[in-house]
Structures are given as C-alpha cells and as structure tokens.
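Novice: just need the structure, nothing else, for what follows:
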Amino acid sequence: MLNVVVLISGGGSNLKALIDAAADPAYPARIVAVGADTDAAGLAHAEAAGIPTFVERPGEYPGRDAWGDAFAARIEEFEPGLVVSAGLMRILPAGFVRRFSPRLINTHPALLPLYPGAHAVRDALAAGATETGVTVHVIDEGVDTGPVLRRASVEIARGELEDDLHERIKQLERPLLVQTVREIAQGGIDLAAFRS
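Specialist: Residues are numbered from 1 along each chain as shown. Predicted coordinates for the structure are as follows:
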C-alpha cells in the first residue's frame with residue numbers, strides 16, 4: 001500500500017477524486033494526510049473522510065526556505081511514499097523539492113512542455129491552440145519542467161471561454177491523477193528512474 005500526502009490551496013477537487021478512489025479497498029494507495037498553505041476549502045474533504053490535515057502558512061515564516069523546511073517536516077511526519085501537489089498554488093522552494101523529488105508529482109492544465117506557469121489555460125487560448133489538456137509530471141526545481149508521467153488531451157472549441165475550457169480540462173485531470181497514482185503504487189511507473 002502506497003502512503004500518499006496530498007497538498008492543496010483551494011477547493012480540492014483532485015483531492016476529492018483521490019479520496020473517493022482510495023475508499024475502494026482494491027485501490028493500492030491511501031491518503032495519510034492532507035497539507036495546505038492556507039485555510040483551503042478542500043481540507044473539508046479530508047476532514048469528512050477522517051484524514052489528518054495540517055496548514056503551514058508562508059506568512060508565518062521569515063522566508064520561502066524556512067516555510068518550505070517547516071512544510072516538509074510536517075509532511076515527513078506521515079512517512080509518505082508519494083507527495084501529490086493537487087492544486088497547491090505555490091512554487092515550492094528548491095530545498096523542499098530536493099527532499100521529496102522524484103516522489104513528488106503535480107498536475108498541470110496543459111500539455112507540457114507547452115504553456116507552463118500559472119495561466120496555462122489562458123496562454124493556450126491566447127496562442128490560438130486547437131488542442132490542450134492536462135499533464136501529470138514529477139516536480140523538479142524548475143516551473144513545470146519535470147519529467148512527464150502521463151498526459152490527456154482535449155480539443156479547444158472555437159470561441160471557447162477560459163473558464164469553460166478549464167472545467168473540461170478538470171474533467172480529464174481527476175481520473176488521470178487517480179490512474180497515475182495507481183500506476184505508481186503498482187509499479188507501472190517507476191519514479192526511481194527519474195532520480196537525479
């Protein structure tokens with residue numbers, strides 16, 4: 001059984017998908033804790049499922065590195081085999097990444113390496129792209145530059161609005177994340193191969 005800590009900043013729709021999947025005894029991973037950098041609404045999903053939660057607010061530390069060290073220490077208390085950034089809207093400090101990567105993964109609403117960064121859906125529309133999607137990747141010290149694990153694509157409709165496209169991407173993102181974690185737990189994806 002793979003022990004997973006999930007990190008969030010917002011509503012936690014990807015977290016909820018993982019919680020629902022892990023409720024099936026046949027699913028090979030379990031969520032042992034959920035951490036956040038703010039009082040995220042998604043923490044309620046974990047609390048409803050009886051999963052421990054914790055919050056480490058960056059503003060309570062003298063700098064990013066100090067916050068990253070404290071956040072990492074809280075995560076390590078739960079001895080995870082995998083850390084999933086599922087909507088954590090913060091670039092993680094290099095020291096934090098080095099402690100967990102490649103056992104540290106993220107979802108991104110674009111087909112990386114296209115459209116990295118915080119405005120991927122908007123950027124795809126601005127570029128006139130006809131296709132985009134979602135990527136699950138290993139977090140490295142860059143911004144959305146780590147090795148790609150899995151991707152799923154979606155066609156962009158003519159005149160589609162950013163919020164509508166983002167919602168369609170989320171419909172792909174949740175099952176892709178659930179399946180990727182399953183593959184990691186079952187050994188179909190060997191994260192050790194990405195160790196630098």
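
Novice: put the alpha carbons of stretch 15-31 into PDB.
Specialist: Taking Å, rounded to 0.1, in the frame of the first residue of the first chain, the C-alpha atoms of stretch 15-31 are listed here in PDB:
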ATOM      1  CA  LEU A  15      -8.100  15.600  -3.700                       C
ATOM      2  CA  LYS A  16     -11.700  14.500  -3.600                       C
ATOM      3  CA  ALA A  17     -11.200  12.300  -6.600                       C
ATOM      4  CA  LEU A  18      -8.200  10.600  -4.800                       C
ATOM      5  CA  ILE A  19     -10.200  10.200  -1.600                       C
ATOM      6  CA  ASP A  20     -13.100   8.600  -3.500                       C
ATOM      7  CA  ALA A  21     -10.700   6.200  -5.300                       C
ATOM      8  CA  ALA A  22      -8.900   5.300  -2.100                       C
ATOM      9  CA  ALA A  23     -12.200   4.400  -0.400                       C
ATOM     10  CA  ASP A  24     -12.200   1.300  -2.600                       C
ATOM     11  CA  PRO A  25     -10.100  -1.400  -0.700                       C
ATOM     12  CA  ALA A  26      -8.700  -2.500  -4.100                       C
ATOM     13  CA  TYR A  27      -7.100   0.900  -4.700                       C
ATOM     14  CA  PRO A  28      -3.400   0.400  -4.000                       C
ATOM     15  CA  ALA A  29      -2.800   3.800  -2.300                       C
ATOM     16  CA  ARG A  30      -4.200   5.500   0.800                       C
ATOM     17  CA  ILE A  31      -4.100   9.200   1.700                       C
END
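
Novice: now it, how far from the centre of its chain.
Specialist: 15 Å (Cα atoms, centre = their mean, to the nearest Å).

Novice: now that stretch: buried residues?
Specialist: For stretch 15-31, a neighbour-count test (16 or more other Cβ atoms under 10 Å) marks 15-19, 21-22, 27-31 as buried. To be clear about C-beta, it is placed using only N, CA and C from the backbone, and glycine gets the same treatment.

Novice: and the two most separated of these?
Specialist: Farthest-apart pair in the buried residues of stretch 15-31 is K16 and P28; separation 18.8 Å (Cβ to Cβ).

Novice: now render the buried residues of stretch 15-31 as a markdown table, adding distance to Q171, pLDDT and secondary structure.
Specialist: Shown next, in a markdown table, are those (distance: Cβ to Cβ, whole Å; pLDDT from 0 to 100; DSSP: H, G, I helix; E, B strand; the rest coil):
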| residue | distance to Q171 | pLDDT | secondary structure |
| --- | --- | --- | --- |
| L15 | 16 | 97 | helix |
| K16 | 13 | 97 | helix |
| A17 | 11 | 98 | helix |
| L18 | 15 | 98 | helix |
| I19 | 18 | 98 | helix |
| A21 | 15 | 98 | helix |
| A22 | 20 | 98 | helix |
| Y27 | 20 | 98 | coil |
| P28 | 24 | 98 | coil |
| A29 | 22 | 98 | strand |
| R30 | 25 | 98 | strand |
| I31 | 21 | 98 | strand |
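
Novice: with that, I have no additional questions.
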